[in-house]
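**Student:** no FASTA, just this:
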């Protein structure tokens, strides 16, 4: 199934290209087609693959695609009719069912683009999800093990990983604390996903390491590679939604 690459995907692509991975290998890791990787690199390479250029170009393409066709704004008469009903205190659901002009989801998206019209809604605040739907974790959340599945700590080798942002906001102090002994491993790094991966790979070579628990920061995007190189299970503790034994749950903060 086709999907758009995000910022973490592009960081992974840059890292793996530097490690001389083939397009097919990168595609398998990111679960996309090799042609997606090939197009991405060709579009955004100036001698080497540039993550910042790739992200900027992707935003520009997406904005351009959205501006080309807006269902409501493209039809002035339809827009006028919807505004008239909103001023009559009709809800988007009522407008959809009584007029069949446009779907309620399109009207809600229109209101997000024109927030001054929200005052005509009878109910303010966060929009309630449609009955029968649920919040789905993103790729990086769904791809992680939940902290709820982490075993009870009875031996050394279960680490809590975290980062502290320095005052200059360029470097981070990366810390690992063993939950049982309190033993600390720390280093000052740039805080990119690549450096976090390499630091974990080398730091745990001579230490017992059964599991590592991180929060959901983008600097831990290469958690699968950390698992591969440390032979430890990686868990996530701070993201709002996760899959716990096949069920959607919400982690406490």
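**Tutor:** Happy to help now that I have it. Note that the structure is predicted; figures quoted are calculated from it, not measured.

**Student:** now the spatially most distant residue from the centre of the chain. Its backbone dihedrals?
**Tutor:** Distance from the C-alpha centroid of the chain, by Cα atoms, centre = their mean, peaks at residue 88 (39.1 Å). Dihedral angles of residue 88 (phi, psi; degrees, to the nearest 10) stand at phi -90, psi 10.

**Student:** same deal with residue 202?
**Tutor:** According to degrees, to the nearest 10, residue 202 has phi -80, psi -30.

**Student:** per-residue confidence at it?
**Tutor:** We have a pLDDT of 91 for residue 202.

**Student:** quick one: contacts for it?
**Tutor:** Shown in contact with residue 202 (Cβ atoms under 8 Å, 6 or more residues apart in numbering): no residues. (C-beta placed from N, C-alpha, C; glycine too.)

**Student:** any idea how far it is from residue 26?
**Tutor:** 23 Å (Cβ to Cβ, to the nearest Å).

**Student:** next one: residue 201
**Tutor:** Residue 201 is 19 Å from residue 26, where distance means Cβ to Cβ.

**Student:** which one's more surrounded, those two?
**Tutor:** Taking neighbours as other Cβ atoms under 10 Å, residue 201 and residue 26 compare with residue 26 leading, 23 against 15.

**Student:** can you tell me the element the more buried one falls in?
**Tutor:** Assigned by DSSP states H and E, residue 26 belongs to helix 23-30.

**Student:** I figured residue 89 hits residue 119, correct?
**Tutor:** No: with contact defined as Cβ atoms under 8 Å, residue 89 does not count as touching residue 119 (10.7 Å).

**Student:** count of residues packed around residue 74?
**Tutor:** Using other Cβ under 10 Å, residue 74 has 10 other residues around it.

**Student:** what sits against it?
**Tutor:** Taking Cβ under 8 Å, 6+ apart, one finds nothing in contact with residue 74.

**Student:** which element is residue 39 on?
**Tutor:** For residue 39, the element it lies in under DSSP H and E is helix 34-43.

**Student:** list the helices and strands that helix packs on?
**Tutor:** helix 7-18, helix 23-30, helix 51-68 (3 or more Cβ pairs under 8 Å, 6 or more residues apart in numbering; DSSP states H and E).

**Student:** could you list the domains of the protein?
**Tutor:** Using automatic domain parsing, the domain parsing of the chain gives 7-68, 76-120, 139-249.

**Student:** helix, strand or coil for the closest residue to residue 175 other than its chain neighbours?
**Tutor:** Nearest non-adjacent residue to residue 175, counting by Cβ to Cβ, 6 or more residues apart in numbering: residue 186, 4.7 Å away. Look at residue 186: counting by DSSP: H, G, I helix; E, B strand; the rest coil, its state is strand.

**Student:** so residue 186 touches residue 177, yeah?
**Tutor:** No: counting by Cβ under 8 Å, residue 186 stays clear of residue 177, with 9.0 Å between them.

**Student:** now residue 27. Nearest residue, chain neighbours left out?
**Tutor:** residue 34 (4.3 Å).

**Student:** that neighbour and residue 102: what is the separation?
**Tutor:** Counting by Cβ to Cβ, the separation of residue 34 from residue 102 is 39 Å.

**Student:** pick the most deeply packed of the helices and strands packed on helix 34-43.
**Tutor:** Among the helices and strands packed on helix 34-43, the stretch with the highest mean neighbour count (mean count of other Cβ atoms under 10 Å) is helix 7-18, at a mean of 20.

**Student:** so for the residue nearest to residue 27, what's the pLDDT?
**Tutor:** At residue 34, pLDDT is 88.

**Student:** what's the answer for residue 102, then?
**Tutor:** 83.

**Student:** any idea which element it lies in?
**Tutor:** Short version, using DSSP H and E: residue 102 is in no helix or strand.

**Student:** ok, the one 3 residues further on next?
**Tutor:** Element membership of residue 105, judged by DSSP H and E, is helix 104-113.

**Student:** what helices and strands are in contact with that helix?
**Tutor:** Applying 3+ Cβ pairs under 8 Å, 6+ apart, one finds that helix 104-113 contacts helix 76-87, helix 92-99.
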